[in-house]
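K.L.:
with the sequence up front, the predicted model follows.
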Amino acid sequence: MTLASVTLVNKDQLEILASLRESVNEDKIEMEADLKKIKNQLKDANDKSKMQLEQINALLLEKVNLQGDSIDVREKMLARERDFRYVRGVYLGENGGLILGLVISNGSSLAKISRRMSSHNLSLFTRK
């Protein structure tokens with residue numbers, strides 16, 4: 001081999017190396033852009049996850065509050081039913097077992113029942 005052919009081989013190798021470096025640099029730039037894009041997507045996903053967690057916590061708190069309200073309503077209805085049973089019991093006890101048929105709509109109170117009974121010359125006794 002002559003010096004000229006060695007120089008040509010080295011020149012070819014140098015061109016190949018330069019081409020490879022350029023190609024690697026282009027790939028590096030593309031990968032850095034992809035990495036930046038993925039990091040932004042990850043940040044967005046974390047933000048969305050945090051927001052959804054806050055919404056879930058708010059919904060759970062609302063659920064607990066509604067369940068508490070439901071329990072309060074149920075307790076009020078049970079107390080109201082006990083009062084109606086008492087009124088009915090008092091009436092049945094005073095009238096020798098006569099059956100009283102009251103149709104009580106939502107929102108009725110002992111005062112309304114008392115007014116109905118007094119319009120029929122009946123009296124309402126309260127518990128002692």
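P.N.:
That came through, no problem. If you're wondering where the values come from, they're calculated on a predicted model, not measured in any experiment.
K.L.:
residue 87: how many residues sit nearby?
P.N.:
21 (other CB atoms under 10 Å). The C-beta positions use only the backbone N, C-alpha and C, and glycine is treated the same way.
K.L.:
now it: how far from residue 77?
P.N.:
16 Å (CB to CB, to the nearest Å).
K.L.:
residue boundaries of the helices in this structure?
P.N.:
Applying DSSP state H to the chain gives helices spanning 3-94, 110-119.
K.L.:
determine which stretch of those is the most buried.
P.N.:
helix 110-119 (a mean of 13; mean count of other CB atoms under 10 Å).
K.L.:
which residues touch residue 32?
P.N.:
If a contact means CB atoms under 8 Å, 6 or more residues apart in numbering, then residue 32 has no contacts.
K.L.:
can you check the pLDDT for residue 35?
P.N.:
Looking at residue 35, its pLDDT is 97.
K.L.:
list the contacts of it.
P.N.:
Contacts of residue 35 were listed using CB under 8 Å, 6+ apart, and none were found.
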